[in-house]
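**Student:** here's my sequence, what's the structure:
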Amino acid sequence: MQINSGDTAFMMLCTAMVCLMTPGLAFFYGGLARKRSVLYIMMQSLISMGIVTLIWTYGGFGLAFGKDFGGIIGNITDYFGLAHVGLVPNAVHAASIPFALFFLFQMMFCVITVPLISGAFAERLNMKGYILLLIFWTILVYIPVCHWVWGNGFLEKIGFVDFAGGTVIHTTAGFAALASIIVLGKRDLSHKGMKPSNLMAAAIGTGLLWFGWFGFNSGGALKAGALATKAFTNTAIGLASGMVVWILYAYFVRGKFDFVDVLTGSVAGLATITPCAGYINPATAVIVGIVAGIICNIAVSIQEKIGWDDALGVWGVHGIGGFTGTILIGILADSSVNGVSASVSQFLIQAGGVILVAAYSFIITFILLKLLGLITNIRPSDDIIKAGLDETMLNEKPYDI
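**Tutor:** I've put the predicted structure just below:
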């Protein structure tokens, strides 16, 4: 095995781009949040970089990518404390780049997943509750699912595929979000001030997510080349078609569309193209975006009608987007792209796998939040929520006006 300098440079760039998505998500969620809790929700994204990095270094990476035990989990001792994680490539994982770079690229995926969930339960989890959720959810949900799909676990062994995280990241986050809003309940939405705090900040966050997503998806190839290029191209087309169809759907159904629709539609397209970015041709990516613009819009409408207080539409956009894109592999995949072809059997494998992951994430998150709520106080009081989490819990303000 020999290090390829081009692949290494490419994957270093992709890793940095995915890293940028976490502060991008902070700006996106912070801009869409109420002005009284902007810093609090941004901090929930940023603090993940510190805590998850330590989890990943001290056991998490081994559990995800270490020697497989029964298809369920890896060996925690394999790479504990960066043991055997150096500059030598790994024959199983990314044979042309340093293993340490593979470690970092996968870590950035892990870092952003719980922050994705946080948009759903905005203002309903105190910092103690959030940190406990961040730690235990990463260990109990993200890491096992990562092993099942990418670490030679049972789903990978039966032929289930997920190119860049539609199942591992977006489906787990989206269905965890659904569980969290059911457990934590609604906020008092009757008083004023429910509008987004700063749509310009949300737009900046969206732009950072766009930029980072190209590394997120094309980095799934783990080397520079034709496959990475196709994933890169599919990402742009999925973003564009998802946005346009979301806007058209909003216009024909609601009679209007707004600035948030532009932002949200693009993210829906990206979340849906993510799992299949490396298995389809660019001409087919348009179909994925069209489906995303319709299905995710319907999902957001359903959650609103039911009364789920999913503050920033995490289940409808990320959960259903990742879920749908994963299933579309079984319908649209072309074997000439990456060896996976659309078929009834592939469709059933994809559908069964993503349903299992969605159910697992929902159930574990539901139980975890219930247990944490019994053990300690994880919710801010109604008075604290009304006064604003920034001032009451951080003693800070986002704007000095």
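
**Student:** where along the stretch 101-250 of the chain do the helices fall?
**Tutor:** 127-137, 143-150, 154-157, 172-184, 199-218, 226-254 (DSSP state H, counting those that start in this stretch).

**Student:** quick one: average pLDDT of stretch 65-82?
**Tutor:** The predicted model gives stretch 65-82 an average pLDDT of 96.

**Student:** ah, wrong one, I meant stretch 379-390
**Tutor:** Mean predicted confidence for stretch 379-390 is 83.

**Student:** same thing with stretch 161-174?
**Tutor:** 98.

**Student:** go on, stretch 3-16?
**Tutor:** 97.

**Student:** closest to Thr284 out of the helices of the stretch 101-250 of the chain?
**Tutor:** Relative to Thr284, the nearest member of the helices of the stretch 101-250 of the chain by Cβ to Cβ is helix 226-254, separated by 8.1 Å. Where C-beta positions appear, they are placed from N, C-alpha and C, glycine not excepted.

**Student:** circling back: possible to save the helices of the stretch 101-250 of the chain as TSV with mean neighbour count and distance to Ile306?
**Tutor:** What follows is those, written out as TSV (neighbours: other Cβ atoms under 10 Å; distance: least, Cβ to Cβ, whole Å):
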stretch	mean neighbour count	distance to Ile306
helix 127-137	19	23
helix 143-150	25	26
helix 154-157	18	30
helix 172-184	26	10
helix 199-218	22	25
helix 226-254	21	17
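
**Student:** out of those helices, nearest to Asn377?
**Tutor:** Of the helices of the stretch 101-250 of the chain, nearest to Asn377 by Cβ to Cβ is helix 127-137, at 7.6 Å.

**Student:** between that closest one and helix 143-150, how many degrees?
**Tutor:** 40 degrees (axes from the mean of the first three to the mean of the last three Cα atoms, to 10 degrees).

**Student:** by how many degrees do helix 127-137 and helix 172-184 diverge?
**Tutor:** Going by the same axes, to 10 degrees, helix 127-137 makes 140 degrees with helix 172-184.

**Student:** what lies in contact with helix 127-137?
**Tutor:** 40, 43-44, 47-48, 51-52, 55, 114, 117-118, 125, 176, 364-365, 368-369, 372-373, 376-379, 393 (Cβ atoms under 8 Å, 6 or more residues apart in numbering).

**Student:** buried only: go through these for me.
**Tutor:** Buried subset of the contacts of helix 127-137 (neighbour count, 16 or more other Cβ atoms under 10 Å): 40, 43-44, 47-48, 52, 55, 114, 117-118, 125, 176, 364-365, 368-369, 372, 378-379, 393.

**Student:** what's near enough to touch the residue nearest to Gln44 when sequence neighbours are not counted?
**Tutor:** Closest residue to Gln44 in three dimensions, ignoring its sequence neighbours and counting by Cβ to Cβ, 6 or more residues apart in numbering: Ser118, at 4.5 Å. Residues in contact with Ser118 (Cβ under 8 Å, 6+ apart) are Tyr29, Ile41, Gln44, Ser45, Leu125, Tyr130.

**Student:** turn those into a markdown table, columns for pLDDT and distance to Arg187.
**Tutor:** Below are these laid out as a markdown table (pLDDT from 0 to 100; distance: Cβ to Cβ, whole Å):
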| residue | pLDDT | distance to Arg187 |
| --- | --- | --- |
| Tyr29 | 95 | 15 |
| Ile41 | 93 | 13 |
| Gln44 | 95 | 16 |
| Ser45 | 96 | 19 |
| Leu125 | 93 | 11 |
| Tyr130 | 96 | 16 |
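
**Student:** which of the residues you listed lies closest to Phe163?
**Tutor:** Ser45 (24.0 Å).

**Student:** next SSE after whichever strand or helix holds the closest one?
**Tutor:** Secondary structure from DSSP states H and E places Ser45 in helix 38-55. As assigned by DSSP H and E, the chain's next helix or strand after helix 38-55 is helix 61-65.
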